[in-house]
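Novice: Sequence and predicted structure, then a few things I'm wondering about:
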Amino acid sequence: MLPIREGFIVAGILFTLGVVGVLVRRNLLFVLMSIEIMLNAAGLAFVIAGTRWGQPDGQVMFLFILAMAAAEVSVGLGLVLELYHQFKTLDTDAISRMKG
Amino acid sequence: MLGLLWLVPAIPFAGALWLAVVGPRLRERAVAVIGTGSIAAATIVSLLIGAQFLSSPPASGAYTQTLWTWVGVGTFQPGIAFYLDALSLVMVVVVTFVSFLIHLYSTEFMHGDEGYSRFFAYMNLFVASMVTLLLADNLLLLYLGWEGVGLCSYLLIGFWYKDTVNGIAGQKAFIVTRAGDTAMAVGLYLLFHNLGTLRIQDLMQAAHDHWAVGSPLAVAAGLLLLGGAVGKSAQLPLQTWLPDAMAGPTPTSALIHAATMVTAGVYLIARTHVVYELAPAAQFAVAMVGILTLLMAGCSALTQWDIKRVLAYSTISQIGYMFLALGVGAWGAAIFHFMTHAFFKALLFLASGIVIEALHHEHNIFRMGGLRKELPVAFWTFLAGGCALAGLPLITAGFYSKDLILWSTANSPIGGALLWVGGLIGVLFTSLYTFRLIFLVFFGDVKTPVSHRPGMTMGGPVMVLAALAIIGGFVKGSFETLMTTALPPFHEAGLGVSELVSSTVAGVAFALGLVVAWYIWVLHPALADQAVEFSGGRLLHRFWFSDWGMDWLYDRLLVRPLVWAATINKNDVIDSIYDGIAAVTTTFYRAASLTETGKLRWHAAWIAGGTVVTLAIVMLL
Amino acid sequence: MTGLDFIALLPLLILAAATVIVMLAIAIHRCHALSAALTFVGLGASFGSLWISACRVPCKVTPLLLIDRYSLFYMGLITVASLVVVLLSYGYFEKLDGDHDELYILMLVATLGSAVLVSSNHFISFFLGLELLSVPLYGMIAYTRRRPLPLEAGVKYLVLAAVSATFMLFGMALVYGALGTMRFDQMATQLVLPGFDPWLVIPGLTLIITGFGFKLALAPFHIWTPDIYQGAPAPVAAYVATISKGAMFALLLRYFYQIEAQGQAPVMTVFAVIAIVSMCAGNILALLQDNVKRILAYSSIAHLGYLVVAFQASGQLAIIAVGFYLVAYFITMLGAFGIVAVLSGSAGDADSLSDYRGLFWRRPVVASVFTLMLFSLAGIPVTAGFIGKFYIVAAGASVAMWSQIIVLVVTSAIGLFYYLRIVVAIFSDSAGSADAGPAIALPGSVALGFLTAALVFLGVYPQPLLGLIRSLPPG
Amino acid sequence: MRARPWMFTDFCREGKMIAAFYTASAVAIIATILMLTRVNAVHALLHLIVSLLAVAVILFDFGAPFAAALEVIIYAGAIMVLFVFVVMLLNLGEAAARAERALLKPSAWIGPSILTLILLAEFLWLLGHGVAPAVQVVSQGPVEVGMALFGPYMLGVELASMLLLAGLVAAYHLGTAKSPRSEATHASHS
């Protein structure tokens, strides 16, 4: 017997911590890392949900989330490189031109 | 063949669109071919449809062509659908045919004008709108056509917009008819709201089934529709825009402000005749409007010096006859008079256009004269039209149609002796001002030399119309039979005046007018001036000349109080409400745009915050 | 997977094959025209294959996809819109330096993702479709990466799309944890059982709404929209504004209808709030904005708000309203961004209101088309936008959602102001030069001509489309 | 190899599993908090990897050995290496850390913390109400996952491949060195 509810709660806490990272950090690299935390938490929640019902589907979803994270990170890091190349900073506020 | 009905509005519309898009880049000749050709095609189609309709009439006496439903929810199902019965058939055939002749005439008349293609685009659009109005199967399409012709009228009155006067005349027409249109829109909504359908025929059936004779709803609907009709048809009290509308090019005056659009009010009332039959009060109001208008406009026509204004007042007066006919229940007679009027009034305008152009755009009839020899085509055709207008007995179309109206008035339960006598006095006035015009323009000495003679494209249409103005009346018998398939027949009851008596009296009135006119303006030209000399006469002259002071009255009653109210309300109390709304929204805008900081963290915070809020909503519920 | 399934899948397969073919073609020979042409042909073939698939539907292809007339209709809409974007992109990017071929690969993948979205029947295909749409969009938005604005927009879109996608994923996990199935059709049966777990399902659905709300740019998830539209190259902005939203909305309708969410009152309350806030926020934010792309962005927020009103109404009329409004919205948004695209030169996008001052006197045809598009956005009769709005109001009125309808009418009136502001600018006297600028490339003119014709045609003769939409149950 | 996880779960008593779960959870949360507060990117990455490894333990605990393995191999392995690679490429040194410290003023934490605390409270309240408290774990090994993956979810795998392709093309385009043609464009813009 494993505590499913607590599992979800841990996933929720990790997810929220990821949100904190996105909201606080201005460095794009850290923002991307925080997104990884959030994605990971969502994947964890899926696996726990799959376990609850005794199905492998949760893990299948985890796998696809992994694939998505890989694609996302590769594009994100491409943007990080280009950004640093142009602005010599990763501060997302400093590069902001558009508003209103 | 009837299936081609949709082409009648579609072809002119396509022509208008074509000219609007590529017109300015085309040569004048190409514009003329497109503009006139489209109307010619529409005319041919409508004639073919007419032939088919007459040779093998549809079983129910009407043909409905539903192309598609535009949008549809519940009972609100406005379709792009056309309804053809004897009434709309006659109107459509006359409108397209007269339009064709006037387009042909215009190709020469407008020659060299910088707005040549613009003119034909407007004219084509007008024909498309007018035909849509006539063929409309439902209220929405009818209203579309109604506003479409109003728009074209506005555009064409102010066609030479560089002259401010023309622009003001256009605005006047637009604003005055708007007053009527508003009443009509309310009336149409009243019908739709109470009877639950947009289709005119269903509406009429439903009105017949659900409303009792004299029911307040029917009276209200009838009066509101009458409001729209008097606006468009320039009847009392909204007639003041039509004389000013003569600022437009003469073909426009002939087509829109004489032959076709101004009779839309007549059509509207004939189309909704069921409502008027259920509301005798409203129908009597129609008759009263008609008789008063025809008398007042007849007097005004006597005093004008501008050739086109004389004709404008005569148009108002003749439409008054049509209203009178509608009012006394002689539906067919009204439409018959519409037809003959379309022929002879278009003819008079076109002929006067020849005169005006021949005399360097001279409009003053007192500076014309002796043109009988100089412009024979104009003279003879104008004479034919004038005789038809005045009602020369037995040989002109106008006599037959007007005589039918007079006889009906005498014998109608709604009419009676008083209205009949009024109509007869109207005949006298008509005869008087018509021959005044003819004698002043074509007889006497030459006062302004002729510089330009019309070509065949101007002369041809005029001659065709002259022929129609003479022979158009001979179809009276079969016309009446045809009309009974669409409109209720005339119920005879009243004085019991026989047709012979009625015709004879009308003939006498005509002759009297002719003789008096001959006496005053040919034999004793000073007499008219002397009549104006003494104070009463001058007052009357001024009174009539200014259209019974209607413009003055409106100026005092509406314009000045409004201007006064606007002046003392410079800082507009009511406007401050709108300013307030604008200020509030602007403040909202400034506040809201502060949320758009462009900061990534802030953007993400909105997503998280939005989730927090939505979660809170579902948790609390 | 049987042969039948392959036929039903044909539009998707063709899109995937076209992606590979374009990539191989680029590997062999880099040529902008060739890449664009191949993409065009691929999209066209996919569009044509819809008729082949139509004979085999409805068809459940594995648990992931449900291909029926509904999804085929939206696939058609998406592919046609993509065709238009390809035409616009060719003219737009031809004026710029650099390699433009990769754009078409990304666009094909994104279109594939949209097609998967509208036919998905499972959280996995939902998620994968969403990402297939998002990931290429990151690249497309930042495509002209040497310019600062597209780069900034790309970064913002990547972070925010990822964040909202994780919210959505977490919501999906909760729903899955509560119901034990990720298939839409099975969820409905689970939800009617008395034992289901509302403590997880309702918040789960709410988190999924966050994901929808972000993609559809509904308030309060709308803040990103103007920055992305302004930053992205005009054709890409058109893509984001239309295809990504249209696919998402089609799925929204399908998903919430299939799980019969109308019975879940809290969820519908959330939608009501979102609709009202979106209509207000979109129209007010656009009021005094001076950047045309941003105005269009705000306007799109409001339009999606209108669509949510129709979505809530439920029933036959709502489906018609949503379908027709989406088509009208596609046409007008593609047209408006298309105008921006064809007027933009190598110096940057023509998105300032001052660029449009006196446009009518310089380019009467383009200005007239733009005016027509704006009229349609404002919902003036004889344009498709009017018919769409008419049906939305009718749908709302049929279930007496008066508060939403009042807000819709009032905010539409406010909306008229900023559309007319652009129109006034177009027709005002231009003090500047009468220079018309470079000629418009043929593909762009073709695209705009097509959109204009469709706009007027649907405004006057909407019946065929209405009939088609009527025959498409989303369930 | 395949038998080992089963043996492990068989021999582990419940108490041990639950203890492992709580320990791993605590490690994951603490490591994540540490990661969030670092100013040096490499330090943060190391904490992130710890967090991911702890999550792998939780996954394992919940009967998902395959997912746990992938978490270690791909997440903590491949993806994090990508991050490290970029950090090295950018050569973010002590100066970057100092700049980062300046950005991370305590005041920057207040707003987000309050917002996310509300979010967390909502999560906890909802999750506390819902879900069966505990279930008997039936391990789903690589076989079951593989059967599902290449059975009903085969199309998903194909779509994921397209997703990776798109990521590849986008990353290639965005990260590629300037081609001679675009060099000129760049010069004109910078």
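Specialist: Okay, I see it. Note that the structure is predicted; figures quoted are calculated from it, not measured.

Novice: C-alpha from now on. contacts and neighbour counts both.
Specialist: Noted.

Novice: Strands of the chain, residue ranges please.
Specialist: Reading this off chain A. Using DSSP state E, the strands of chain A run over A:2-3.

Novice: I was after chain C.
Specialist: Counting by DSSP E, the strands of chain C are C:59-61, C:65-67.

Novice: Check which helices and strands the first one sits against.
Specialist: With contacts defined as 3 or more C-alpha pairs under 8 Å, 6 or more residues apart in numbering or on different chains; DSSP states H and E, the packing partners of strand C:59-61 are helix C:3-28, strand C:65-67.

Novice: Using CSV, lay out the ones you listed together with mean pLDDT and mean neighbour count.
Specialist: Rendered in CSV, the data for the helices and strands packed on strand C:59-61 read as follows (pLDDT from 0 to 100; neighbours: other C-alpha atoms under 10 Å in any protein chain shown):
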stretch, mean pLDDT, mean neighbour count
helix C:3-28, 92, 19
strand C:65-67, 92, 24
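
Novice: and of these, who's closest to residue C:243?
Specialist: helix C:3-28 (15.1 Å; C-alpha to C-alpha).

Novice: Need the pLDDT of residue B:470.
Specialist: Model confidence at residue B:470, given as pLDDT, is 85.

Novice: Select, out of the strands of chain C, the one closest to residue B:551.
Specialist: Closest among those, using C-alpha to C-alpha: strand C:65-67, at 70.9 Å.

Novice: Can you classify residue B:81 as helix, strand or coil?
Specialist: strand (DSSP: H, G, I helix; E, B strand; the rest coil).

Novice: mean confidence for the helix or strand hosting residue B:189?
Specialist: In the assignment (DSSP states H and E), residue B:189 maps to helix B:164-195. What helix B:164-195 shows for mean pLDDT is 87.

Novice: Next, count neighbours for the nearest residue to residue B:206 once chain neighbours are set aside.
Specialist: In this structure, residue B:206 finds its nearest non-sequential neighbour in residue B:195, 6.2 Å apart by C-alpha to C-alpha, 6 or more residues apart in numbering or on different chains. Other residues near residue B:195 come to 19 when the count uses other C-alpha atoms under 10 Å in any protein chain shown.

Novice: ok, residue B:195 - contacts?
Specialist: B:203, B:206-207 (C-alpha atoms under 8 Å, 6 or more residues apart in numbering or on different chains).

Novice: Out of those, list just those in helices.
Specialist: B:203, B:206-207 (DSSP state H).

Novice: May I see the buried residues of stretch B:216-230?
Specialist: B:217-230 (16 or more other C-alpha atoms under 10 Å in any protein chain shown).

Novice: would you turn the residues you listed into JSON lines with secondary structure and pLDDT?
Specialist: Shown next, in JSON lines, are those (DSSP: H, G, I helix; E, B strand; the rest coil; pLDDT from 0 to 100):
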{"residue": "B:217", "secondary structure": "helix", "pLDDT": "87"}
{"residue": "B:218", "secondary structure": "helix", "pLDDT": "87"}
{"residue": "B:219", "secondary structure": "helix", "pLDDT": "89"}
{"residue": "B:220", "secondary structure": "helix", "pLDDT": "90"}
{"residue": "B:221", "secondary structure": "helix", "pLDDT": "89"}
{"residue": "B:222", "secondary structure": "helix", "pLDDT": "89"}
{"residue": "B:223", "secondary structure": "helix", "pLDDT": "90"}
{"residue": "B:224", "secondary structure": "helix", "pLDDT": "91"}
{"residue": "B:225", "secondary structure": "helix", "pLDDT": "90"}
{"residue": "B:226", "secondary structure": "helix", "pLDDT": "90"}
{"residue": "B:227", "secondary structure": "helix", "pLDDT": "89"}
{"residue": "B:228", "secondary structure": "helix", "pLDDT": "89"}
{"residue": "B:229", "secondary structure": "helix", "pLDDT": "89"}
{"residue": "B:230", "secondary structure": "helix", "pLDDT": "89"}
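
Novice: Reformat the residues you listed as a markdown table; add distance to residue B:610.
Specialist: Output for the buried residues of stretch B:216-230, formatted as a markdown table (distance: C-alpha to C-alpha, whole Å):
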| residue | distance to residue B:610 |
| --- | --- |
| B:217 | 54 |
| B:218 | 56 |
| B:219 | 58 |
| B:220 | 54 |
| B:221 | 53 |
| B:222 | 57 |
| B:223 | 57 |
| B:224 | 53 |
| B:225 | 54 |
| B:226 | 57 |
| B:227 | 55 |
| B:228 | 54 |
| B:229 | 57 |
| B:230 | 59 |
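
Novice: Closest to residue B:276 out of the residues you listed?
Specialist: residue B:222 (5.9 Å).

Novice: ok, for residue B:81, nearest residue in space, not its chain neighbours?
Specialist: Excluding the flanking residues, the one nearest residue B:81 by C-alpha to C-alpha, 6+ apart is residue B:66, at 4.1 Å.

Novice: For that neighbour, which three-state class applies?
Specialist: Relying on three-state DSSP, one would call residue B:66 strand.

Novice: Make JSON lines out of the helices and strands packed on strand C:59-61 and add distance to chain A.
Specialist: Formatted as JSON lines, the helices and strands packed on strand C:59-61 follow (distance: least, C-alpha to the nearest C-alpha, whole Å):
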{"stretch": "helix C:3-28", "distance to chain A": "17"}
{"stretch": "strand C:65-67", "distance to chain A": "16"}
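
Novice: Nearest to residue C:361, out of those?
Specialist: Of those, nearest to residue C:361 by C-alpha to C-alpha is helix C:3-28, at 41.2 Å.

Novice: need the residues of chain D near chain B, please.
Specialist: By the rule C-alpha under 8 Å from any C-alpha of the partner chain, the part of chain D lying against chain B is D:112, D:115-116, D:118-119, D:122.
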